[in-house]
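K.L.:
take a look and give me a structure for this.
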Amino acid sequence: MNIGMYQSAASLSALERWQDSVAQNITSSQVTGFRKRTINFSTQAAGEIQFNPRKTIGHEAGAPMLFPKVNSGINYVSGEAQPTRREFDVAIQGDGFFEMQRADGSHAFSRNGEFRLSAERTLITSSGDQVLSNGGSPITLLPGAGNIVINLDGTVYQGETQLGKLSIQKFADNSQLMSVDNGYFIPPANMDPETVDNPELLQGYLEGSNVTPLREMVDLVLIARAYEANQKMINTLDQQMDKALEALG
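P.N.:
Have a look, this model is predicted:
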């Protein structure tokens with residue numbers, strides 16, 4: 001068995017996953033609140049190569065066969081706040097996520113503060129999900145009661161009337177959050193959210209993605225070069241095997 005060929009093939013598979021992640025980042029670089037997808041590489045042993053036939057297998061007689069291992073993740077560094085001057089747009093400065101209630105009653109969390117008004121005069125997301133207050137209820141606007149003002153701490157006023165306070169939640173370990181559709185994140189069953197006591201919100205702003213397109217383009221070049229190198233390695237090993245078979249008859 002040609003171990004080098006298997007290692008190069010495993011490297012090609014790992015590079016394809018990296019390329020998929022970079023492509024998603026580039027595609028979503030203009031999506032509000034998007035979080036960069038990351039790929040890290042490590043190695044894992046898969047048996048040994050036996051060099052000395054007189055030694056017992058597994059007793060310091062061989063070298064471990066190492067294959068690449070891909071670890072995917074999400075970068076939660078904040079993106080840049082971009083002014084929109086729309087009263088229903090809100091950006092979070094620092095930790096935390098907006099809390100939403102989806103159509104099935106489940107709760108999800110997002111950094112996307114691009115809100116709008118529903119036909120029932122409740123604050124909703126662009127996908128139609130309810131934006132929740134600290135009490136767990138939707139924020140309902142009053143007819144003809146004036147403009148909306150959202151304070152730094154997330155308290156929502158309409159004229160002189162306080163309508164509630166946006167629910168801003170955080171988690172002990174963001175790496176355990178699962179990304180789902182509409183740019184939402186959901187925690188595992190054993191992790192409860194914690195309310196951010198003193199959030200910092202900006203009304204009339206939206207948080208951009210934390211993707212740097214130029215960095216992603218550089219990564220694409222690195223991936224292409226590494227892919228080509230592994231392809232050449234596989235071709236070289238294949239040619240060597242053909243020559244060995246011809247020599248052996």
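K.L.:
what mean pLDDT does the host helix or strand of I223 get?
P.N.:
According to DSSP states H and E, I223 maps onto helix 213-248. On average, the pLDDT along helix 213-248 is 87.
K.L.:
stretch 161-172 now?
P.N.:
95.
K.L.:
correct me, but G146 touches Q158?
P.N.:
Yes. Shown here, G146 and Q158 form a contact pair, counting by C-beta atoms under 8 Å, at 5.6 Å. (Each C-beta comes from the backbone N, C-alpha and C, glycine too.)
K.L.:
ok, these two, which is more surrounded?
P.N.:
For the pair G146 and Q158, the greater number of neighbours falls to Q158 (18 against 12), based on other C-beta atoms under 10 Å.
K.L.:
which ones are touching that one?
P.N.:
L141, L142, A145, G146, N147, I148, V149 (C-beta atoms under 8 Å, 6 or more residues apart in numbering).
K.L.:
surely the last one is in a strand?
P.N.:
Yes. If the criterion is DSSP: H, G, I helix; E, B strand; the rest coil, then V149 is within a strand.
K.L.:
tell me what the nearest residue to it once chain neighbours are set aside is bridged to.
P.N.:
Sequence neighbours aside, Y157 is the residue nearest to V149 in space, at 4.6 Å (criterion: C-beta to C-beta, 6 or more residues apart in numbering). Beta-bridge pairing of Y157 under DSSP bridges involves V149, Q162.
K.L.:
so what's Y157 scoring on pLDDT?
P.N.:
Y157 is given a pLDDT of 95.
K.L.:
that one and S11, how far apart?
P.N.:
57 Å (C-beta to C-beta, to the nearest Å).
K.L.:
just G136 next, same as before
P.N.:
Where S11 is concerned, G136 sits at a distance of 49 Å (C-beta to C-beta).
K.L.:
which of Y157 and S11 has more neighbours?
P.N.:
Set Y157 next to S11 and count neighbours by other C-beta under 10 Å: S11 wins out with 20 against 16.
K.L.:
now the helices: where do they sit in the chain?
P.N.:
When assigned using DSSP state H, the helices of the chain occupy the ranges 3-27, 213-248.
K.L.:
I'd like the ones you listed laid out as TSV, including distance to F185.
P.N.:
As requested, those are exported to TSV (distance: least, C-beta to C-beta, whole Å):
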stretch	distance to F185
helix 3-27	15
helix 213-248	21
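K.L.:
single out the most deeply packed of those helices.
P.N.:
Compared across the helices of the chain, helix 3-27 shows the largest average neighbour count, a mean of 17 (mean count of other C-beta atoms under 10 Å).
K.L.:
for that one, give me every contacting residue.
P.N.:
36-39, 41, 49, 65-70, 72, 211, 213, 216-217, 219-220, 223, 226-227, 230-231, 233-234, 237-238.
K.L.:
and the helix or strand bottoming out on mean pLDDT in the chain, how far out from the chain middle?
P.N.:
One helix or strand of the chain scores below all others by mean pLDDT, DSSP states H and E: strand 37-50, with a mean of 78. Put simply, strand 37-50 sits 22 Å off its chain's centre (C-alpha atoms, centre = their mean, to the nearest Å).
K.L.:
which strands and helices sit next to it?
P.N.:
Under the contact criterion of 3 or more C-beta pairs under 8 Å, 6 or more residues apart in numbering; DSSP states H and E, strand 37-50 touches helix 3-27, strand 62-74.
K.L.:
mean pLDDT lowest where, among the ones you listed?
P.N.:
Looking at the helices and strands packed on strand 37-50, the bottom one is strand 62-74 with a mean of 81.
K.L.:
in it, what's buried?
P.N.:
M65, F67, P68, V70, I74 (16 or more other C-beta atoms under 10 Å).
K.L.:
could you give the bridge partners of the one residue sitting closest to the centre of the chain?
P.N.:
Centroid-nearest residue in the chain, with C-alpha atoms, centre = their mean: I74, separated by 3.4 Å. I74 has these beta-bridge partners by DSSP bridges: R37.
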